[in-house]
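In: would you be able to build a 3D model of this:
(chains A and B)
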Amino acid sequence: MNLLSSIFTPSILLIPAAILFLISISAWLIHRIKQDIDILPILAIMPHLTIKKPRIRLQQPPLIPFFSFLTLAIMAQIFLMKPHMEVFKPQNKDKKSVHYFIDLSPSVAGSVSIDAYIKEIQESMTLLNPNDSLSVSLSDSHQIHRVKQPSDIDKLLRSHGFHRQGLDIGGALNKQLGAGASINKLVIFSDQDYHSWQRFNWQYLENKMEVYFYNLDKLSENSSNIFIGTVRLVRQTQASRAEWDVELSKSGDLSLESQGILTVHLGQQKLASTNWLIPKQQNSATIRMTWSKNILEAHNEDKDKTLHLVWSIQPSANDQIALDNIFHSEVNPSPPTAMIIADTAGEQTLEDPAHQLQVSLEVSGIQVKRYDWIKQDSLAGHLNDPLWIFFVGEQNDIDSFCPINLLKNQTPAKKNHPTIWLSPYSSSKKQLQNVCWCYDQLSTSQTTKLETMPSYCSEISDRSSFAYVFKSLGATPLGGHIEQSNEAIIWKNVKTSGNSDILAFNLALRPSKEQGINHAQLPLLIKQLLEVEGIQTGNDSKLIRGYSWPRVSYISEQKSWLSNASDSKPSEPVESNVPIAESQLKLIQTSQLPPDLSKWNPKAIASDMSHKKEQDPLPWLKIFLIFLISCIAAEVIWIIRERKNQVKLTQTMLALLLGSNFYQTARSEIHLAILSRGNYNAQFKSLAKSVQNQTSISLSSQVHNYHSVSNTLLLEPLIWASDPQIIKNKQQKMDPKLAIWLKRGGMLIVQNARSLEELKTLTSSSLNHQRSPGKWLAIPPDHELMRSFYLLEALPPCNNHSWYGYQFDDRLAILALPFNLLDTLNTTAHSDKMCQGPLNKILNQRIFINTLMTALTTDYKKDQIHMKEILKRL
Amino acid sequence: MKPEQESGQLLKMHDLHPMQIKEFPRRNIKTSIQFQGSMRTSLRHPSRDFESSRRYIHGDPVNKIDWKAYARNDQLIIREKRDEASSKTHICLQHQESMNWPKSLKTYLQQQVATKFEIAARVALHLAHTHLRMGDSVYIWKVNSSNKPQHLWQPRSPSDVLSAFSTLHQQKFSPKSLTGLFKTNQFGVKKSDYFYWVGDTLGLPKLDSFLTIGRKNVLFHTLSSLELDFTWTNDKLNYCNDTSSPIEFPGRDLKENSIIKQEISNWLNKREQQVFSKKGLYLLLTESSDLGQYLNFLNQIAT
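Out: Numbers count the residues shown, from 1 in each chain, chains lettered A, B, ... in the order given. Prediction:
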């Protein structure tokens, strides 16, 4: 059942809806009729009243929309009243088509021989009616074959044979039959393998056809399987012999012991064979096989990658599996090793960065060999290693820490250059210089060795100068910020032909708090580094170990299924092993399977049952949709044609519509005007946010910066001066413009004002009001500043300098703070440590908000609850 | 018919009878006592014409008795004479469909409510009778839905009015009962001494032109009390006017919507102002208006 069919089930939902519709129409009619109209002559005097009830007039409807509506209504009726649930129809015997799906997957192959299989299918064919048409599809191809005689089956199955891939019956059938299959009966020949049936929702198919299952399990007598689980190359091996560990697994019945012969082939050549035994009640056994390496090396020279080791098991008992016994593996997995050259750290093992790196590499699956110093002889065996790591100390001799000679002595035939890591033990100056020296020697591939350090390397003093030098050497940073490449730990050379990848570290990769790397992160970091360097990626990995069961994808997902020309069998993957799922013989419960023809009644194949017909609502919906759209279009046309006189209305509607889209709330913002010599730009984000959260003031995070008293500054209502000096003119008096601004009603806040005398001289000359001369007063505890928003107990002093306010014109005109409040509020700036004492950020913010409130509203709480009398009571 | 009180209840307009004696006060009218007529005249010796004779009714001036006739047949006969001082009175009685309301109302009213036409007819006949008794000549015009009066009835004597009233009363003030009296006539009246308009004035946009005809213009605005107060309306019913393009109003709105009440009150004020602006007189009458109020109003007309 699909979604649409369940939604549009008319009988349940829409018949009540139709009844409701009829009831509502009739109720409305009755209501209209019952509502007798009485004549009330005086109502003639109010024809223009809007509350009048609109008269119902019969009007000729606009033709096209009405026609569309009518059609739509009729369509809806037809569609909705038509039952589209499955209807059983009397079957036409002549046209009955039966389809066989034949499973050729390994699990079937393990239990049934091809002869028995063919015989079983042919027998079932004899039960079919002569008129029935039979089609057959196999699990390894998407082709459907028309079968007329039993001999066709024989021919077909023998030509295909069993396949090694696992099977997903649902996916395979979906590809084969598709949506348009007109099949009356589907018979699936398969076993009860859990993994084949797992993703197959056969109940869905029952809406379209009868689905049967022909169980092949009855043909097989045994129910155990033995297969190769893993093959591994043993590492600690003699130089002349190859040693492999083979893990045999057994599934199913474990009550009996199993034994047999295990053989290894390389192409046609038999390498070795041995006997194996899996005891009772055990499900696995490990067998070691050895053979001379010489045979393999001969093949190594060929570089014939198509040749693989083929492992096969032959059970001695007859009741074991027939097909699931072959396993492929690569001939010579290269040993995963890396070389580290570092001084021994003695007892300080945990402090040793080389040790930490070694552990991380081993966790990443790389075997590490560590040497104390560079010695030509001992390193000969590591020339093929993909990774060389050199720890650079504070030596003066370049040969003692840099592998120049090693690289020179390499055979020219070698193609794979190792990746070289140069790492200091710590970030000391000398070590960084040595790293630079070595890097320079290796990357430039100079033939002559420089005995002394290049001058630019000796200039390196720390990591930033290291970065500077490496940039000029043409190295690229790995990691670090795009903008701040100086922070990069690792610098890599731009690889020219014939050169190795050289990675220069400017600090040792080891877990430490300073570097922000913990013990868990280091292996991940190393792994990523290995992947970036291509040492450990995907199929081209240089470090391959043994083999486990490869995950062979489901047959329906094989590439050959997707390609167009694929009449033939899908090309078998070279290393394809039987999927472990198939080998495990896990069975699905019978209740989850379709009716079993083989057990229940084989004659049901020929039974004359009726078949179901499902009606697809989708075409109806499409027609429905077309009419709906045409209705809307016609309506729009009609509106445009009939209502073109009502342009104003349309315009208004459009304007409203547009207006609603571009609606924006009006907001008023306060900008902080700061008069200072510095720049406070974009540093008040958190302050603005907290002010917005706490009050209804929306403070802009953008600050207006002024460096001197200017005309634009004097348009601001509130000026925040960073210190008293900035508001003075050359005569050490207040700027006259500022004085006028203060008289007009501005409020000035002066920070870092620690001398009352200085303030007094500032105002004495310029701010003299004859009627009410201003006064400098310490801010009293009942001042409006202490209660304009938050109730403050005291304003924090700074070094015994308290807060002063210049009361002028019955208001606070100038507020002098003894410290830099803005800086303490500023999250990024360092606060004035001299005055930090009792200050905390919350208190500072409260003082700031109160100051803003005082500046904006003066004393708006004067006549409210915070009257002196009430405050005293609190 | 007793003019004042009946069984302790104040008389209402639906009790009005033409015989409700109401003579216009004569103190300001400069006519000799023997002369009839309600109009002020400057004639010192107005001519006297024989108008009609009728039986003596109690209260008639004794000097009007035709003693010679009494001598002949032993009956008291009044010789009514008209003199030139008698005034012309035109009464326009609205007679359209809306006046027949609330008889057409389908609501289940608890009691019989007099139609607007009944009240208007009672007022018109009472006015006619009063003026005829005073010796004035009376013209009663019937106004249908059209603006202009088309039918005229000229009662010659108060007894004509009385007989018409009795006919109306018998036929329960059916509008059709008066049809026999009226004759089609063109309304060409330009001047008159008294001009009365009796009706609900609905559908009458050119009322102004009529209010300049008489030297005294009076509008008796007869409405039904049900039209002024809608508390009786039924929520479930709709109501519409009887114009050519009727508009429906839900009953609930009529009851609750103050806009409608305001609208009606505005309309009444407008009518009143319309009349006052022409120096006329205005009286709003419903079937439940106090009769005394009406009679007092007649005093205002005479002064």
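In: ok so B:Arg122 is a helix residue?
Out: Yes: per DSSP: H, G, I helix; E, B strand; the rest coil, B:Arg122 lies within a helix segment.
In: dihedrals phi and psi, the residue lying closest to it once chain neighbours are set aside?
Out: Leaving aside its chain neighbours, B:Arg122 sits nearest to B:Leu16 (4.2 Å; criterion: CB to CB, 6 or more residues apart in numbering or on different chains). Where C-beta positions appear, they are placed from N, C-alpha and C, glycine not excepted. With angles defined as degrees, to the nearest 10, B:Leu16 sits at phi -60, psi 130.
In: list the contacts of B:Leu16.
Out: B:Ile119, B:Arg122, B:Val123, B:His126, B:Leu291, B:Tyr294 (CB atoms under 8 Å, 6 or more residues apart in numbering or on different chains).
In: need these in TSV (columns: distance to A:Pro797).
Out: Listed next are those as TSV, based on distance: CB to CB, whole Å:
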residue	distance to A:Pro797
B:Ile119	94
B:Arg122	100
B:Val123	97
B:His126	101
B:Leu291	95
B:Tyr294	94
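In: of the residues you listed, which is the nearest to chain A?
Out: B:Ile119 (14.2 Å; CB to the nearest CB).
In: top of the contacts of B:Leu16 by neighbour count?
Out: Highest neighbour count within these, by other CB atoms under 10 Å in any protein chain shown: B:Ile119, with 29 neighbours.
In: surely that residue and B:Leu284 touch.
Out: No: counting by CB atoms under 8 Å, B:Ile119 stays clear of B:Leu284, with 11.2 Å between them.
In: with adjacent residues omitted, what lies nearest to A:Leu852?
Out: If the residues on either side of it in the chain are set aside, A:Leu852 comes closest to A:Ile697, at 6.1 Å by CB to CB, 6+ apart.
In: for the one you found, what are its contacts?
Out: Neighbouring residues of A:Ile697 by CB under 8 Å, 6+ apart: A:Ile670, A:Val691, A:Ile849, A:Leu852, A:Met853, A:Leu856.
In: are any of these buried, and if so which?
Out: Buried by 16 or more other CB atoms under 10 Å in any protein chain shown: A:Ile670, A:Val691, A:Ile849, A:Leu852, A:Met853, out of the contacts of A:Ile697.
In: columns secondary structure and distance to A:Pro773 on top of the residues you listed, output as CSV?
Out: As requested, these are exported to CSV (DSSP: H, G, I helix; E, B strand; the rest coil; distance: CB to CB, whole Å):
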residue, secondary structure, distance to A:Pro773
A:Ile670, strand, 31
A:Val691, helix, 34
A:Ile849, helix, 31
A:Leu852, helix, 27
A:Met853, helix, 26
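In: give me the nearest residue to A:Asn518, chain neighbours excluded.
Out: A:Pro511 (5.5 Å).
In: next, count neighbours for that neighbour.
Out: Using other CB under 10 Å, the number of residues around A:Pro511 comes to 18.
In: okay, it: pLDDT?
Out: Predicted confidence (pLDDT) at A:Pro511: the value is 77.
In: how about the helices in the stretch 1-150 of chain B?
Out: B:67-73, B:116-133 (DSSP state H, counting those that start in this stretch).
In: is it possible to get a markdown table of these that adds mean pLDDT?
Out: Below are the helices of the stretch 1-150 of chain B laid out as a markdown table (pLDDT from 0 to 100):
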| stretch | mean pLDDT |
| --- | --- |
| helix B:67-73 | 88 |
| helix B:116-133 | 89 |
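In: okay then, goodbye and thanks.
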